[in-house]
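Q: Build me a model from this:
(one chain, ligands or ions: 1)
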Amino acid sequence: PAVTVRSQQSRLNMATALSQEELKKQVGYKAVDDYVKSGQVVGLGTGSTAYYAVERVGEKLKSGELKDILAIPTSIRTKEQAEELGIPLVTLDTHSKLDVAIDGADEVDPGLNLVKGGGGALLREKMVEICADKFIVIVDESKLCDGLGPGFPVPVEITPFCHEHTMRTVGDLSTCKGKCKPVLRMGSSSSNQPDGDEIAVTDNGNYIVDLHFDEPIADPPKMAEELKNVCGVVDHGLFCGMTTAVIIAGSDGISVKK
Ligand code: 5RP
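A: Numbering: from 1, shown residues only. You can find the predicted model right below:
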């Protein structure tokens with residue numbers, strides 16, 4: 001019976017995993033269908049949800065439904081996926097203004113502030129998405145929260161030079177002291193689970209410290225400002241006041257929050 005229970009459970013897990021994957025695909029495709037038009041400069045996000053938006057852009061370019069798209073990827077992973085799909089790529093150096101950027105998120109609060117960077121791509125994501133006329137966020141409903149912080153650690157990208165000093169400085173900020181535990185990300189930069197003996201390194205050659213909060217962050221914009229002012233912090237995963245719309249996949253279908 002134990003084996004039967006286990007195999008039933010694993011079938012259930014597979015079904016859940018598949019439907020979760022299906023939800024990601026639905027929001028990824030919808031974002032492209034609703035917001036990307038021919039002739040646009042488009043920011044391509046990073047992660048397992050953004051993957052489907054990139055896939056859709058490639059598919060529509062191939063079928064001719066979209067033409068003359070120029071895309072800016074937010075990570076090496078996304079760049080490689082886009083290249084495989086034949087999506088023409090440019091950089092911010094030649095195109096500082098984007099029509100639209102599409103990306104996933106780790107947490108979304110009621111004011112549409114985000115935690116991003118679970119995949120370690122927060123710096124390039126912010127640099128690209130801040131330059132977009134429209135920033136479209138694609139998530140499943142598990143990413144919605146009442147307050148940022150306790151549900152997902154806030155990643156902060158820091159220089160390797162004197163990173164322990166920078167971690168201490170961050171931990172002493174008024175918005176962090178006594179409120180969070182800073183943990184240096186180990187293993188792969190794309191996972192905030194300690195999964196290796198090596199310090200995780202981002203696409204930009206930096207480290208990530210994940211700030212683990214027990215309580216919701218009272219004032220995300222204030223914390224964002226404090227973090228940004230620390231010498232040694234390159235950027236952080238609080239994306240405040242940037243979101244145009246969030247496309248949410250849930251058990252009742254797809255909804256949009258603006
Ligand atoms: C990567 C990110 C991702 O957008 C975020 O982690 C969500 O990823 P996923 O769609 O795989 O849950 O910020 O740095």
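Q: what about stretch 201-209, start to end distance?
A: The first and final residues of stretch 201-209 sit 11 Å from each other (Cα to Cα, to the nearest Å).
Q: One more: stretch 211-227?
A: Using Cα to Cα, the end-to-end distance of stretch 211-227 comes out at 11 Å.
Q: So what touches that stretch?
A: 109, 113, 145-150, 153-156, 170, 173-176, 179-183, 233, 236, 238, 240-241 (Cβ atoms under 8 Å, 6 or more residues apart in numbering). No exception for glycine: its C-beta is placed from N, CA and C like everyone else's.
Q: Which other helices and strands does the strand ranked longest in the chain contact?
A: With DSSP state E setting the assignment, residue counts place strand 132-140 as the longest strand in the chain. With contacts defined as 3 or more Cβ pairs under 8 Å, 6 or more residues apart in numbering; DSSP states H and E, strand 132-140 has these neighbours: helix 2-35, strand 98-103, strand 245-250.
Q: and it, which residues are buried?
A: For strand 132-140, burial by neighbour count (16 or more other Cβ atoms under 10 Å) applies to Ala132, Lys134, Phe135, Ile136, Val137, Ile138, Val139, Asp140.
Q: and the ligand, which of those residues contact it?
A: By Cβ under 6 Å from any ligand atom, no member of the buried residues of strand 132-140 lies near the ligand.
Q: Output those in CSV; the columns should cover pLDDT.
A: Output for the buried residues of strand 132-140, formatted as CSV (pLDDT from 0 to 100):
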residue, pLDDT
Ala132, 98
Lys134, 98
Phe135, 98
Ile136, 98
Val137, 98
Ile138, 98
Val139, 97
Asp140, 93
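Q: Could you identify the most distant pair in the residues you listed?
A: Ala132 and Asp140 (22.1 Å; Cβ to Cβ).
Q: And the helix or strand where Pro182 lies, what's buried?
A: Element membership for Pro182, per DSSP states H and E: strand 180-184. Residues Cys180, Pro182 are the ones in strand 180-184 that count as buried (16+ other Cβ under 10 Å).
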